[in-house]
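Peer 1: My questions are about this predicted structure, shown below with the sequence.
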Amino acid sequence: MKHKYRKRRRFSGMHPFLFIGALCILTATFFLARHLTAPPGILSGQERELEDALGDTLTEEERDGKEPLFLQTDERWSGYSYGGSTISVSGCGPCCLAMTAVALTGDRKITPKKVARFSDKNGFYAEGQGSLWTLIPEGSKFLGLTAEELPLSEQRIRDTLENGGKIICAMGPGDFTTEGHFIELYQVEADGFRVHDPNSLERSRKLWTYNEIGGQIRNLWGIYS
């Protein structure tokens with residue numbers, strides 16, 4: 001009986017430590033699960049501070065939302081890491097989405113850096129391909145905008161721009177790219193459309209007719225505030 005009594009006392013003495021250890025493991029598991037499975041676009045306080053630091057670098061004209069042109073080669077963000085590349089090489093998607101958002105909202109914290117980080121964080125960059133098409137609708141939602149996939153129609157493009165929307169186009173080989181590229185249509189005129197090409201100041205200064213660009217468009221989205 002004495003032997004059994006000692007066994008029970010030894011087990012009883014260890015019980016609080018086992019309980020505390022199990023509680024610590026459960027707490028750590030819950031903490032990790034919560035942070036590793038956070039929904040896209042949901043940021044911690046530290047991450048949000050970093051997001052804010054990536055913005056607030058625009059000029060006064062850009063901050064006023066006056067149809068900014070964000071070039072990939074702009075020194076403010078050209079060397080910023082994007083996937084396995086940089087904005088200068090592969091950042092046409094983030095540049096288009098950022099300048100569209102600034103024009104529609106006037107939010108001075110939206111820059112190509114901020115959009116590129118969102119894209120990286122949520123898997124919208126494909127190695128060797130650049131930005132996925134899904135960046136446009138999902139990135140628009142992240143920035144508080146609405147995106148609608150449009151049919152390839154000159155009248156629909158005109159209607160969207162005349163009603164205050166902007167259009168982001170995924171372009172195929174032609175005047176703008178040899179592989180794939182994003183551009184923004186931001187203004188309609190009687191004879192054509194004004195384009196922001198984040199990879200060319202020259203092409204951005206030209207008025208383009210629908211016949212010139214229509215056959216090169218692979219997909220397009222209307223973006224609204």
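Peer 2: Right, received. Where do you want to start? Residues are numbered from 1 along each chain as shown.
Peer 1: Please tell me I have it right and residue 115 contacts residue 99.
Peer 2: No: using C-beta atoms under 8 Å as the test, residue 115 is too far from residue 99 to be in contact (9.7 Å). (Each C-beta comes from the backbone N, C-alpha and C, glycine too.)
Peer 1: More neighbours: those two, which one.
Peer 2: It is residue 115, of residue 115 and residue 99, that has more neighbours when counted by other C-beta atoms under 10 Å, with 31 against 27.
Peer 1: Need the CA coordinates for the host helix or strand of the more buried one. PDB is fine.
Peer 2: According to DSSP states H and E, residue 115 maps onto helix 112-121. Presented in PDB, the C-alpha positions along helix 112-121 are these (Å, rounded to 0.1, in the frame of the first residue of the first chain):
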ATOM      1  CA  PRO A 112       2.600  51.200 -57.500                       C
ATOM      2  CA  LYS A 113       4.700  50.000 -54.500                       C
ATOM      3  CA  LYS A 114       1.500  49.500 -52.400                       C
ATOM      4  CA  VAL A 115      -0.300  47.600 -55.200                       C
ATOM      5  CA  ALA A 116       2.800  45.500 -55.900                       C
ATOM      6  CA  ARG A 117       3.100  44.400 -52.300                       C
ATOM      7  CA  PHE A 118      -0.600  43.500 -52.200                       C
ATOM      8  CA  SER A 119      -0.100  41.400 -55.400                       C
ATOM      9  CA  ASP A 120       2.900  39.600 -54.000                       C
ATOM     10  CA  LYS A 121       1.200  39.000 -50.600                       C
END
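Peer 1: quick one: buried residues of it?
Peer 2: 112-119 (16 or more other C-beta atoms under 10 Å).
Peer 1: Dump those residues to a markdown table, plus distance to residue 191 and pLDDT.
Peer 2: As requested, the buried residues of helix 112-121 are exported to a markdown table (distance: C-beta to C-beta, whole Å; pLDDT from 0 to 100):
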| residue | distance to residue 191 | pLDDT |
| --- | --- | --- |
| 112 | 30 | 96 |
| 113 | 35 | 96 |
| 114 | 35 | 95 |
| 115 | 32 | 97 |
| 116 | 34 | 97 |
| 117 | 39 | 96 |
| 118 | 36 | 96 |
| 119 | 35 | 97 |
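Peer 1: ok, of those, which one's closest to residue 159?
Peer 2: Closest approach to residue 159 among the buried residues of helix 112-121 (C-beta to C-beta): residue 115, at 26.3 Å.
Peer 1: what's the closest non-adjacent residue to the closest one?
Peer 2: Nearest-residue entry for residue 115: residue 94, 3.8 Å, with adjacent residues in sequence omitted and distances by C-beta to C-beta, 6 or more residues apart in numbering.
Peer 1: Provide the secondary structure category for the one you found.
Peer 2: Per DSSP: H, G, I helix; E, B strand; the rest coil, the local secondary structure of residue 94 is helix.
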